[in-house]
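# Quick check, what structure comes out for this input:
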Amino acid sequence: MAQVIITFKIMPETPEVDLEAIQKAAEEKINAFVGEEAEKKVEIEPIAFGLKALKITFVSDEAKGGTEDLEVEIAGFDGVQSCEVIDVRRALG
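Okay, the predicted model is just below:
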(Lines give C-alpha, C1' and ligand atoms only; values in the text may rest on other atoms or scores of the structure.)
Protein backbone atom coordinates (compact mmCIF):
# COMPACT_ATOMS: atom_id res chain seq x y z
CA MET A 1 0.00 0.00 0.00
CA ALA A 2 0.97 3.61 -0.46
CA GLN A 3 1.81 6.22 2.14
CA VAL A 4 -0.58 9.13 2.68
CA ILE A 5 0.16 12.60 3.97
CA ILE A 6 -2.60 13.85 6.28
CA THR A 7 -3.07 17.35 7.70
CA PHE A 8 -5.21 17.98 10.77
CA LYS A 9 -6.43 21.44 11.76
CA ILE A 10 -7.04 21.65 15.50
CA MET A 11 -9.04 24.66 16.71
CA PRO A 12 -8.76 25.66 20.38
CA GLU A 13 -11.80 26.96 22.26
CA THR A 14 -10.14 30.27 23.26
CA PRO A 15 -6.89 32.15 22.61
CA GLU A 16 -5.81 31.34 26.19
CA VAL A 17 -5.63 27.57 25.58
CA ASP A 18 -2.11 26.07 25.84
CA LEU A 19 -1.36 25.00 22.25
CA GLU A 20 1.88 23.29 23.28
CA ALA A 21 0.00 20.92 25.60
CA ILE A 22 -2.54 20.16 22.87
CA GLN A 23 0.26 19.61 20.36
CA LYS A 24 2.05 17.15 22.63
CA ALA A 25 -1.13 15.18 23.39
CA ALA A 26 -2.15 15.15 19.70
CA GLU A 27 1.29 13.93 18.63
CA GLU A 28 1.05 11.05 21.14
CA LYS A 29 -2.33 10.03 19.69
CA ILE A 30 -1.00 10.32 16.13
CA ASN A 31 2.02 8.13 16.99
CA ALA A 32 -0.33 5.53 18.50
CA PHE A 33 -2.45 5.60 15.33
CA VAL A 34 0.53 5.30 12.99
CA GLY A 35 2.12 2.63 15.19
CA GLU A 36 5.52 4.29 15.38
CA GLU A 37 7.13 7.70 15.61
CA ALA A 38 5.41 9.51 12.73
CA GLU A 39 7.14 12.10 10.59
CA LYS A 40 5.36 15.34 11.48
CA LYS A 41 5.29 19.00 10.57
CA VAL A 42 3.60 21.43 12.96
CA GLU A 43 2.39 24.92 12.06
CA ILE A 44 0.58 27.60 14.05
CA GLU A 45 -1.97 29.45 11.90
CA PRO A 46 -3.27 32.83 13.12
CA ILE A 47 -7.07 32.96 12.78
CA ALA A 48 -8.43 36.19 14.33
CA PHE A 49 -8.40 38.19 17.57
CA GLY A 50 -5.43 36.27 18.97
CA LEU A 51 -6.92 32.84 18.20
CA LYS A 52 -4.46 30.44 16.57
CA ALA A 53 -5.07 27.02 15.03
CA LEU A 54 -2.67 24.11 15.24
CA LYS A 55 -1.96 22.33 11.95
CA ILE A 56 -0.22 18.96 12.17
CA THR A 57 0.87 17.15 9.01
CA PHE A 58 1.98 13.52 9.28
CA VAL A 59 2.66 10.44 7.17
CA SER A 60 0.65 7.23 7.59
CA ASP A 61 0.23 3.93 5.78
CA GLU A 62 -2.86 3.95 3.58
CA ALA A 63 -3.77 0.49 4.96
CA LYS A 64 -4.51 2.08 8.37
CA GLY A 65 -7.76 3.39 6.93
CA GLY A 66 -9.68 6.50 7.93
CA THR A 67 -8.82 8.89 10.72
CA GLU A 68 -12.33 9.58 12.03
CA ASP A 69 -11.74 7.93 15.42
CA LEU A 70 -8.46 9.81 15.83
CA GLU A 71 -10.15 13.12 15.01
CA VAL A 72 -12.87 12.45 17.60
CA GLU A 73 -10.24 11.62 20.26
CA ILE A 74 -8.31 14.83 19.62
CA ALA A 75 -11.49 16.93 19.47
CA GLY A 76 -12.33 15.56 22.92
CA PHE A 77 -9.23 17.07 24.54
CA ASP A 78 -9.82 19.82 27.10
CA GLY A 79 -9.67 23.20 25.38
CA VAL A 80 -10.16 21.84 21.85
CA GLN A 81 -13.18 23.05 19.89
CA SER A 82 -12.65 20.87 16.80
CA CYS A 83 -10.25 18.67 14.86
CA GLU A 84 -10.69 18.08 11.17
CA VAL A 85 -8.74 16.73 8.23
CA ILE A 86 -8.02 19.57 5.86
CA ASP A 87 -5.79 17.71 3.40
CA VAL A 88 -4.99 14.12 2.37
CA ARG A 89 -2.49 13.25 -0.36
CA ARG A 90 -0.88 10.09 -1.59
CA ALA A 91 2.90 10.11 -1.37
CA LEU A 92 4.53 9.11 -4.63
CA GLY A 93 7.96 7.73 -5.15
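# Assign a three-state SS to residue 63, would you?
Of the three states, residue 63 takes helix under DSSP: H, G, I helix; E, B strand; the rest coil.
# Look up how far residue 38 lies from it.
According to C-beta to C-beta, to the nearest Å, residue 63 and residue 38 sit 15 Å apart. No exception for glycine: its C-beta is placed from N, CA and C like everyone else's.
# Looking at those two, which one has more neighbours?
Legend: neighbour count by other C-beta atoms under 10 Å for residue 63 and residue 38, higher for residue 38 (17 against 9).
# The more buried one contacts residue 31, doesn't it?
Yes: contact criterion C-beta atoms under 8 Å: residue 38 and residue 31 qualify, at 5.6 Å.
# beta partners for the most centrally placed residue in the chain?
The chain has residue 8 as the residue nearest its centroid, 3.7 Å off, counting by C-alpha atoms, centre = their mean. Counting by DSSP bridges, residue 8 forms beta bridges with residue 56, residue 85.
# Residue 48 now?
residue 51.
# Near it, how many other residues are there?
Around residue 48 there are 7 residues (other C-beta under 10 Å).
# repeat for residue 50
9.
# Same question for residue 21.
Count around residue 21 with other C-beta under 10 Å applied: 12.
# tell me the pLDDT at it?
As predicted, residue 21 sits at a pLDDT of 97.
# Confirm it sits in a helix?
Yes: using three-state DSSP, the assignment for residue 21 is a helix.
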